[in-house]
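Colleague: Next one to model:
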Amino acid sequence: MDPFVRIYPVFNGTCVLLKTSSSKTILIDCKITKLADDPNDQDNYDVKNDLLDHLERDNRGRPFVDLFVLTHPDKDHCHGFSNHFYCGQESNYTKKDKEESRILIDEMWVTKLIYGEVCDDAETIRDEVIRRRKLYSSDSRDRETSYNRLTMIGYDTDETFGDCPFYVPGQLVEDFAGKYHSDVEIFIHSPFKKSLIESEANDDRNAASIVCQYKLKRTDSNKYLNLLEGGDADHYRWAMIKAKTEEKNRESRLEYDILIASHHCSWTFYGDVPYAKNIHPQQTSKDLVQAYKDKNGGSYIVASSKLIIDNDDNPPHYPAKKEFIDDLGDKDRFICTSEYPTKADPKPIHFELEPTRWSLKKESTPKETKRAATAYATSTKASSYGPGI
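Modeller: A predicted model of the protein is given here:
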């Protein structure tokens, strides 16, 4: 199949689905709004049913994602999780769960911030993380089986996680959900140890967002598609990422065909202080956007946000949009999810990797699926930057 990146219109929030050539799925955050629960609500796009159209089913006909990445445990990045995803021992998945098409998760990636004070949906994720982590700490034989896998991203206080799998910045991941995958690479840029410490001290979960470059590759050609996604990471985090990556001569890991504008196109990507105090963007952020876009002008920047208008909102922030467009050099390749293809009827932004090129698809046709009943009929790791980052 043709790999794709699908970015959902969820106003100020994030929900991005990736699918590889071997049909493996990666979901970055989730924001499933009211329409999935109330069919009379026509103001929000039906993310849940769209996900179901694109997810695979297991041998019992249950929808699942191979990997769920929670960039950070804020409500706009996990809204609706409790109502639409399955948590608990897989054998307890009931007929009612199947009728509701609750989505199973093979492997979860989270940071230590999931253990802090979080919203209700993040509490549900935390309970599931605790359940899965106990399987590792007790050396259960179920710890590396489907729907039980867990990987912690970053550090635990001053140390790495000792009782379950973990990755730290600087590692390249080519295996998840219990298998090696030749058609996808995930390079972990963040969170750094310093960011995690600062996040807890300042109660700022954005600063410790998981930042990754996701490279989808075709197995029948040398074509690939790079997505650079960083949750709500701010200017300071991106400056650290840029410096560390360039220091290690890994510039290719910053290249992007698609860049998700951090924090829903907030000024925090460009500014070290609020816009009212300093209207001048930080050069390191401008350099990052300019230096690592496609040299042939093919890159896109996507703002996963509500409509961006010329007012004082932040996020999204109108001056930040202007800076992104200036650095990208093409206003037509900056897309806001709330106005694509139209403001009146936004739909997912769908990028597809075809045999000879990748492109933005104006219209995408979901794969045909048969839904049940009547409603729905150990790890290959590269060297890291090391401790203390």
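
Colleague: what kind of secondary structure is Ser359 in?
Modeller: At Ser359 the chain is in strand, as set by DSSP: H, G, I helix; E, B strand; the rest coil.

Colleague: Tell me where the stretch 51-200 of the chain has strands.
Modeller: 56-57, 63-69, 78-79, 104-110, 149-153, 166-167, 172-173, 175-176, 179-180, 184-190 (DSSP state E, counting those that start in this stretch).

Colleague: Direction-wise, compare the second one with strand 104-110 and give the angle.
Modeller: So that's strand 63-69. For strand 63-69 against strand 104-110, the angle by axes from the mean of the first three to the mean of the last three Cα atoms, to 10 degrees is 0 degrees.

Colleague: got a list of contacts for strand 63-69?
Modeller: Under the criterion Cβ atoms under 8 Å, 6 or more residues apart in numbering, residues 24-30, 51-52, 55-58, 85, 101-109, 147, 176-177, 210, 212 lie in contact with strand 63-69. In this view, the C-beta of every residue, glycine as well, is placed from N, C-alpha and C.

Colleague: again, but for the first one
Modeller: Applying Cβ under 8 Å, 6+ apart, the contact partners of strand 56-57 are 23, 25, 63-64, 369.

Colleague: from these, which has minimum pLDDT?
Modeller: Ranked by pLDDT, the contacts of strand 56-57 bottom out at Thr369, which has 35.

Colleague: can you give me the strands for the stretch 251-389 of the chain?
Modeller: Using DSSP E, counting those that start in this stretch, strands in the stretch 251-389 of the chain cover 258-260, 300-303, 334-336, 349-353, 358-361.

Colleague: With mean neighbour count and distance to Glu198 added, can I get those strands in CSV?
Modeller: Converted to CSV, the strands of the stretch 251-389 of the chain look like this (neighbours: other Cβ atoms under 10 Å; distance: least, Cβ to Cβ, whole Å):
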stretch, mean neighbour count, distance to Glu198
strand 258-260, 25, 22
strand 300-303, 25, 25
strand 334-336, 21, 30
strand 349-353, 22, 32
strand 358-361, 17, 36
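
Colleague: Quick one: closest of the ones you listed to Glu128.
Modeller: Checking those against Glu128 by Cβ to Cβ gives strand 258-260 as the closest, at 25.0 Å.

Colleague: Quick one: mean pLDDT for the closest one?
Modeller: Average pLDDT, strand 258-260: 98.

Colleague: Filter the contacts of strand 56-57 down to the buried ones and hand me the PyMOL line.
Modeller: Selecting the buried subset of those in PyMOL, with 16 or more other Cβ atoms under 10 Å as the burial test, is done by:
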select buried, resi 25+63+64
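
Colleague: Can you tell me which of the contacts of strand 63-69 are buried?
Modeller: Buried positions within these, assessed by neighbour count (16+ other Cβ under 10 Å), are 24-30, 51-52, 55, 57, 85, 101-109, 147, 176-177, 210, 212.

Colleague: so what's the closest residue in space to Ser338 that isn't next to it in sequence up against?
Modeller: Of all residues not flanking Ser338 in the chain, Leu307 sits nearest, at 4.8 Å (Cβ to Cβ, 6 or more residues apart in numbering). Leu307 is in contact with 316, 336, 338-339, 343, counting by Cβ under 8 Å, 6+ apart.

Colleague: at 10 Å what do you get?
Modeller: 11, 313, 316, 336-339, 343, 346 (Cβ atoms under 10 Å, 6 or more residues apart in numbering).

Colleague: how about it, phi and psi?
Modeller: Main-chain torsions, Leu307, degrees, to the nearest 10: phi -60, psi 140.

Colleague: Many thanks, we can stop here.
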